[in-house]
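1. what follows is a predicted protein model with its sequence.
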Protein chains: 2
Amino acid sequence: MSGDRLLELGAAELAERIRTCELSPVDLIERLLDHIRRHNGLLNAFITVASESSLKEAEVMEREAREGRLRGPLHGVPVAVKDLIHVRGMRFTAGSRILSDSRSESDATVVERLKSAGAIVLGKTNLHEFGSGTTNVNPHYGPCRNPWSPERISGGSSGGSAAAVAALMSPLALGTDTSGSIRIPASLCGVVGLKPTYGLVSRHGVMPLSPTLDHVGPMARSVRDVAVALEVIAGFDPMDESSVVYDVPSYADALEQDVEGLRVCLLEGQFEVPPDEEVERGLSRAVDALSRAGVEVVEEKFAAAQRVRECWAPIRLGEAAAVHDEWLRTRPLDYGEDVRMMLERGRAFTAVDYVRALWLRREIRKELLELLKRFDAVLCCSTPITAPRIGESSVTVRGESYEVYTALTSWTILFNVTGFPAVSVPVGLSREGLPISVQIAGRPFDESTLLRLARSLEQELDLRLVPPIAR
Amino acid sequence: MSGDRLLELGAAELAERIRTCELSPVDLIERLLDHIRRHNGLLNAFITVASESSLKEAEVMEREAREGRLRGPLHGVPVAVKDLIHVRGMRFTAGSRILSDSRSESDATVVERLKSAGAIVLGKTNLHEFGSGTTNVNPHYGPCRNPWSPERISGGSSGGSAAAVAALMSPLALGTDTSGSIRIPASLCGVVGLKPTYGLVSRHGVMPLSPTLDHVGPMARSVRDVAVALEVIAGFDPMDESSVVYDVPSYADALEQDVEGLRVCLLEGQFEVPPDEEVERGLSRAVDALSRAGVEVVEEKFAAAQRVRECWAPIRLGEAAAVHDEWLRTRPLDYGEDVRMMLERGRAFTAVDYVRALWLRREIRKELLELLKRFDAVLCCSTPITAPRIGESSVTVRGESYEVYTALTSWTILFNVTGFPAVSVPVGLSREGLPISVQIAGRPFDESTLLRLARSLEQELDLRLVPPIAR
C-alpha cells in the first residue's frame, strides 16, 4: 500500500487492518506524526502533539493486536481531541491564555470511552478561544488555517479538529458544538461532523461554554467513521446532568439500511442569511442525489426560523457569562477581544430575557417537532457561505452584507437551541475549490436516520475530498 | 347525625355516606352554602361562591348515587378551588384587579380530574394577588382572615383555601405553592396541606407565577383526605411540560402501612428564621409522637440551608417578572404595591444571576438527596411563627426582628427550590389558641412515606382542630 494512501484511510478501515495485523499501529502513528510535523507549522491545527505518548500507546496496541486482544472497535486508531476536552496528563489550554499553563488530571468521559475502545490520542487541536467563536482565529495560539486555502479560516470553534481530519493528520477527531462549532468547521473544511442530540453524549470533562447548548461529537472523513465513533462515545454518564440515554443503537449497522421512501424537508424560511449561489447549487446537488436514492424531498417553510436568534442570544451569551463570571471580573484583559465582548454582551441580559428565551426555545422545539412528524429529517445548508478569508469580519451574500459570525451560525443554532441532532456532510467544491456542505437534521435521538441519509449522499456523490496541500 | 357534625366530616367520610345514600349531596351543599353565607363576610375566604352550579351538580350526583352510578372516589364531595386555578364558566380573578373581569373557558387539568372523580366545585377561594405573597392581605378583594383569630392573617398565597377548610366551609380545597403557598396558610390555619413533588401534579390551566417553582396540591382537615385527593389529581398530563409521572400509587392504601422503623431527620442548620418558643415546643411534640410510633428521629445539620434564599430569589422573582413582563410595563398601577415591588425586584436580576441560581439549585438538590439517602424523611417547622396580625410587616422571633415574608417562607422554599414533596401537619395550638404545624418532607415522588408519617403524627396527637368561630 502506498504511503500516501495510508493517510487517506478512514478509522473503520484502519481498525480492520490493525485487527488483521496488516497494519502496524506504530507505523501508522509515525506516519501521522511525520505528516503533522510537515503541515502543522502552516495549518496550526494542533496546539499539542502527543508524539511520545501516542507512540507508546501504539506499541501496546500493536502487541495486543498481535496477541489477538482487541480493546474495541477503534483498537489502534488515532484520534485528535479538541483542546476544550480533557485528556489525562496532557496540556489543557481551552485555546485561552488564562489556562495556558494547565494540565488535565483526568479524561473526559468521551476520551475515556475512546481509549477503552482502543483509540490513541494523537494530540489536542486548536480552537476558537474557549470555544466561543466561529473563525478559529485564535489570538493566543494563532489562527487555524483552512487546508483548502490557507489564507482562509478553518471555521470554529472546532477548527483544529476539522483541519486535522481534512488535511489527513488524523482519521478521526472530537469537537464540541454550542452554536455550530462542529458543523461550521466541518462544512468549511469539507469533512463530516455530527452534533448529536442533547443528552446522548456526555460532556463530563469538557469545559462548558453554555451548558444547555453544549454538545460533544465526532468528526471524520466519512459518515461510517462518524457512526463508528458516535457508537463508542454515546450513552449514559451519571457525571453529566443532561445525560439520558441508556441504550445506544448500532449506528454503523444502521448504515446498511436503505433510505428509499424516507421523506426529507428542504428547510425554507426566514433564516438570517440565505445560502449564496455556490451553496445553493450544493443544496440542489444534495436534493438530486437524495432523490436518486429514492428519498422524497419536499420544500417547506419553517416559520419559527426568524425567532431562533432571539431565543439563542440570551441563552448562549447569558450562560457563557455565568460560566466565565469570575475570570471576566478578575482577568478581563486575558481574553481575546472578541470573546470578551461576547461575554460582556452576555452580562447585559436580564433574568427576564433569559427566562423568556427558555420559553421561546420550547415553542421552537415544538414547531420543529411538528415538522418532523411529517418528515424523517430536514435538509439545509450547514453554512450559507464557503470559508471566508482570515481577518474578514463581514461577508456579502446576494448583495447584502452580514457579520461573519451571524452568517456562519445562521443555519446551525436552530439545532443547538432545540438540541436535535444534525450532521454536516460535504457535497462538493466551489469554483474556487472550497468545500460546500449541507446539513441533515432530525428527530431527537434519531441519529441513525441522519447518518443513513448522509451516507446515501456520500455514496451518490462519490467525492474524495483531499485538499491538494495534504496529498 | 347532628347538623354541625356533618360539616366536620372529611372528604373520604362524606364520599362513603354519599355512596351508601346515607347522605344527600344536595343537603350537604345546602348546608355548606349556608355556612359559607354565615361566615364568609367576616373571613373572606371565597371570592366566588358557586351556589347555583354546585347545587345543580349535587342534584345530578344524588341521582347517580341513588342509581349506583358513582363517578369516582369523590362522588358528590365539595371542593374549594384557589382562584388561580381555572374552573370552566366561573369567574377567574387570580386575586388581581387586572383579571377581575375574566372568566375561565376551560377546566385546569386538576379540576377536570376532580370533576371526573365526582367532586363538586363549591367556589373560588381568595388568595394573595397572583399568588405572589404570604399574607393574603389582598388589596382588591380584601384580606382573607384567619378563622382562629380574625384579626390575624390566614397566610398566603392559598389563604382562602386554608381558611375555608379550617372553618368547615369545605372539606377539601386546592392550593398552589411557589414558595410555601400551600404549606404556610395550612400551617397558620391548622389544616393539612401537601406540596407534591415537582412533576407529579399538572399545572395546566393554573396561572403561573414562577414556573419552575410552581406546584398544585390538596388541602384538607385530615391526612387521609389529602391522600385521597392527591391520588385523584396526580399523574401524567401532556399539557404540562414538567409532568413526568405515569404510575400513581394508591396514597390512601399507603396510609395503612406502619411507620415503625422509619428514620426521620430533624432538620437543623442556618435557616433564616429559627422557630419561636411555641413552634419549638410543637416540634418537640411531633418528635415525641413520631418516636412513640416507632420512628427514629435524629437531629442533623443541613449545611446548604444558608444558601437556599440566594438560590430562590433570582428564580422566584426573575421568573415572575418574565410571566408578568407585559402587564408590568403596561399596567403597573393595577398591581398591589407589594406585588409590584416584588416583580420589579425580579426585573433587576441578570441572566447570570439566574443561571448561577439554577446551578446552585442543583447543588442544594444534591445535598438534600444525599441526606435523604440516610433518612426516609426530614422534619422541620412549616412556619417558625404562628399567624401574625393583619398589617404587621415584621415579627420578632427570639429577640430578632424579621420581615413577615422572610419568616413565613424561611422553611418552605427549600422544597420549592428542590421540588421535593412536603406536607404541613398541625400539631397543636399555641397559648393564644393559634395553630402550630410541622413540615415533613422527603424524597422525590415518595409522597406515600410523607403521608404515612403525617398520618401517624395525626393519630398519636389525636387533635380535633375546629376554630371556635366555626362550631
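-> Happy to help now that I have it. Every value quoted in this text rests on a predicted model; they were computed, and no experiment measured them.

2. what does chain A have sitting close to chain B?
-> When proximity is defined as CB under 8 Å from any CB of the partner chain, chain A approaches chain B at A:241, A:314, A:317-319, A:321-322, A:325, A:346-356, A:359, A:362. Using the backbone N, CA and C atoms, a C-beta is placed for each residue, glycine as well.

3. how close does residue A:101 get to residue A:92?
-> 9 Å (CB to CB, to the nearest Å).

4. do residue A:311 as well
-> Per CB to CB, residue A:311 is found 32 Å from residue A:92.

5. just name the shakiest helix or strand of chain A by mean pLDDT.
-> Within chain A, confidence by mean pLDDT, DSSP states H and E is lowest for helix A:3-8 among all helices and strands, at a mean of 82.

6. that helix: what's the following helix or strand?
-> helix A:11-19 (DSSP states H and E).

7. hmm, who's touching that following helix?
-> Helix A:11-19 is contacted from outside by A:9, A:23-25, A:28, A:61-62, A:65, A:70, A:73-77, A:79, A:118, A:171-172, A:220, A:222, A:224-225, A:228-229, A:252, using CB atoms under 8 Å, 6 or more residues apart in numbering or on different chains.

8. now go through these and say which are in helices.
-> Members of the contacts of helix A:11-19 lying in helices (criterion: DSSP state H): A:25, A:28, A:61, A:62, A:65, A:224, A:225, A:228, A:229, A:252.

9. tell me the secondary structure at the closest residue in space to residue A:131 that isn't next to it in sequence.
-> Nearest residue to residue A:131, sequence neighbours excluded (CB to CB, 6 or more residues apart in numbering or on different chains): residue A:157, at 4.2 Å. Per DSSP: H, G, I helix; E, B strand; the rest coil, the local secondary structure of residue A:157 is coil.

10. wait, residue A:157 sits on residue A:128?
-> Yes. Counting by CB atoms under 8 Å, residue A:128 is a contact partner of residue A:157 at 3.7 Å.

11. joint contacts of those two?
-> By CB under 8 Å, 6+ apart, residue A:157 and residue A:128 have these common neighbours: A:95, A:134, A:136, A:181.

12. with neighbour count, pLDDT and secondary structure added, can I get those residues in TSV?
-> Below are the shared contacts of residue A:157 and residue A:128 laid out as TSV (neighbours: other CB atoms under 10 Å in any protein chain shown; pLDDT from 0 to 100; DSSP: H, G, I helix; E, B strand; the rest coil):
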residue	neighbour count	pLDDT	secondary structure
A:95	33	98	coil
A:134	28	97	coil
A:136	35	97	coil
A:181	38	98	coil
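
13. between those, which is closest to chain B?
-> For the shared contacts of residue A:157 and residue A:128, the minimum distance to chain B (CB to the nearest CB) is 19.9 Å, reached by residue A:181.

14. now for the residue nearest to residue A:131, how many residues are close by?
-> Residue A:157: 33 surrounding residues under other CB atoms under 10 Å in any protein chain shown.

15. try residue A:138
-> 25.

16. check contacts around the residue nearest to it when sequence neighbours are not counted.
-> Spatial nearest neighbour of residue A:138, chain neighbours left out: residue A:95 (5.3 Å); criterion: CB to CB, 6+ apart. Counting by CB under 8 Å, 6+ apart, residue A:95 makes contact with A:47, A:83-84, A:126-131, A:138, A:140-141, A:157.

17. from these, which is closest to chain B?
-> Distance to chain B across the contacts of residue A:95 (CB to the nearest CB) is lowest for residue A:130, with 16.0 Å.

18. thought that closest one was touching residue A:328?
-> No. Contact criterion CB under 8 Å: residue A:130 and residue A:328 do not qualify, at 11.0 Å.

19. more neighbours: which of those two?
-> Per other CB under 10 Å, whichever of residue A:130 and residue A:328 has more neighbours is residue A:130, with 27 against 21.

20. distance of the nearest residue to residue A:98 once chain neighbours are set aside relative to chain B?
-> Sequence neighbours aside, residue A:334 is the residue nearest to residue A:98 in space, at 4.9 Å (criterion: CB to CB, 6+ apart). Between residue A:334 and chain B the computed distance is 19 Å (CB to the nearest CB, to the nearest Å).

21. check residue A:443 too.
-> As judged by CB to the nearest CB, residue A:443 and chain B stand 17 Å apart.

22. show me what residue A:219 is bridged to.
-> residue A:173, residue A:193 (DSSP bridges).

23. which of the residues in stretch A:25-40 are buried?
-> For stretch A:25-40, burial by neighbour count (16 or more other CB atoms under 10 Å in any protein chain shown) applies to A:25, A:26, A:28, A:29, A:31, A:32, A:33, A:35, A:36, A:39, A:40.

24. mind giving me the packing neighbours of the helix or strand harbouring the last one?
-> Using DSSP H and E, residue A:40 sits in helix A:25-43. Under the contact criterion of 3 or more CB pairs under 8 Å, 6 or more residues apart in numbering or on different chains; DSSP states H and E, helix A:25-43 touches helix A:3-8, helix A:11-19, strand A:46-49, helix A:51-66, strand A:78-82, strand A:120-125.

25. these: lowest mean pLDDT?
-> Note on the helices and strands packed on helix A:25-43: lowest mean pLDDT is at helix A:3-8, with a mean of 82.

26. separation between the residue nearest to residue A:71 when sequence neighbours are not counted and residue B:95?
-> Distances taken as CB to CB, 6+ apart put residue A:118 closest to residue A:71, at 3.6 Å, once the chain neighbours are dropped. Distance, residue A:118 to residue B:95, by CB to CB: 64 Å.

27. hang on, the earlier thing: contacting residues around the residue nearest to residue A:131?
-> So residue A:157 contacts A:82, A:84, A:95, A:127-128, A:131-134, A:136, A:176, A:178, A:181, A:185 (CB under 8 Å, 6+ apart).
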